[in-house]
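K.L.:
Test case, fold it:
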Amino acid sequence: MKLRDIAHSRAGDKGDISNLSLIAYRLDDYPLLEKQVTAERVKAHFAGVVHGEVQRYLLPQLGAMNFVMQNALGGGVTRSLALDAHGKSLSSALLNIEIE
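P.N.:
Sure thing, here's the model as predicted:
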């Protein structure tokens, strides 16, 4: 199944940093997200886009996690030549990750 089946995502960006939140629709699904959606997996999913570190912050009380991705926006939204490669596009792409 894809992440979009059990979670939604929000995004933000500042400079060359993309900030993605992943929020379970149901709190019962959060342990599955915590186990399978690691910083390493997110970085691998965005290979070629994210050139810096990916940090994951857990918010179990909210059934959510936050990913801070460094060097992810081609120098920043105002400097990038990429078409709409900032936060909102990346949050949609995050939801394409396959989980068991």
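K.L.:
and P31, how many residues sit next to it?
P.N.:
12 (other CB atoms under 10 Å). Where C-beta positions appear, they are placed from N, C-alpha and C, glycine not excepted.
K.L.:
So which residues of the protein form helices?
P.N.:
Remark: helices assigned in the chain by DSSP state H are 30-36, 39-45, 87-94.
K.L.:
Least confident of the ones you listed, on average?
P.N.:
Among these, helix 87-94 carries the lowest mean pLDDT, a mean of 75.
K.L.:
by contact count, what packs against that one?
P.N.:
strand 7-14, strand 17-24, helix 39-45 (3 or more CB pairs under 8 Å, 6 or more residues apart in numbering; DSSP states H and E).
K.L.:
These into a markdown table, with extra columns for mean neighbour count and distance to G63?
P.N.:
Converted to a markdown table, the helices and strands packed on helix 87-94 look like this (neighbours: other CB atoms under 10 Å; distance: least, CB to CB, whole Å):
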| stretch | mean neighbour count | distance to G63 |
| --- | --- | --- |
| strand 7-14 | 17 | 9 |
| strand 17-24 | 22 | 4 |
| helix 39-45 | 16 | 17 |
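K.L.:
okay, the ones you listed in TSV with distance to R56 next?
P.N.:
Below are those laid out as TSV (distance: least, CB to CB, whole Å):
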stretch	distance to R56
strand 7-14	14
strand 17-24	9
helix 39-45	4
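K.L.:
Quick check: which ranges of this protein have low pLDDT?
P.N.:
With pLDDT under 70 as the threshold, the chain has low-confidence stretches at 75-88.
K.L.:
can you rerun that using 80?
P.N.:
Across the chain, the ranges flagged by pLDDT under 80 are 73-90.
K.L.:
picking that back up, what's the closest of the helices and strands packed on helix 87-94 to S92?
P.N.:
strand 7-14 (7.3 Å; CB to CB).
K.L.:
now that closest one: how far from the chain's centre is it?
P.N.:
Centroid separation for strand 7-14 versus its chain: 7 Å, with CA atoms, centre = their mean, to the nearest Å.
K.L.:
Stretch 13-32 now?
P.N.:
6 Å.
K.L.:
Give me the spatial nearest neighbour of the residue nearest the centre of the chain, chain neighbours excluded.
P.N.:
For the chain, the residue nearest the mean C-alpha position is L20 (4.2 Å; CA atoms, centre = their mean). Sequence neighbours aside, F67 is the residue nearest to L20 in space, at 4.6 Å (criterion: CB to CB, 6 or more residues apart in numbering).
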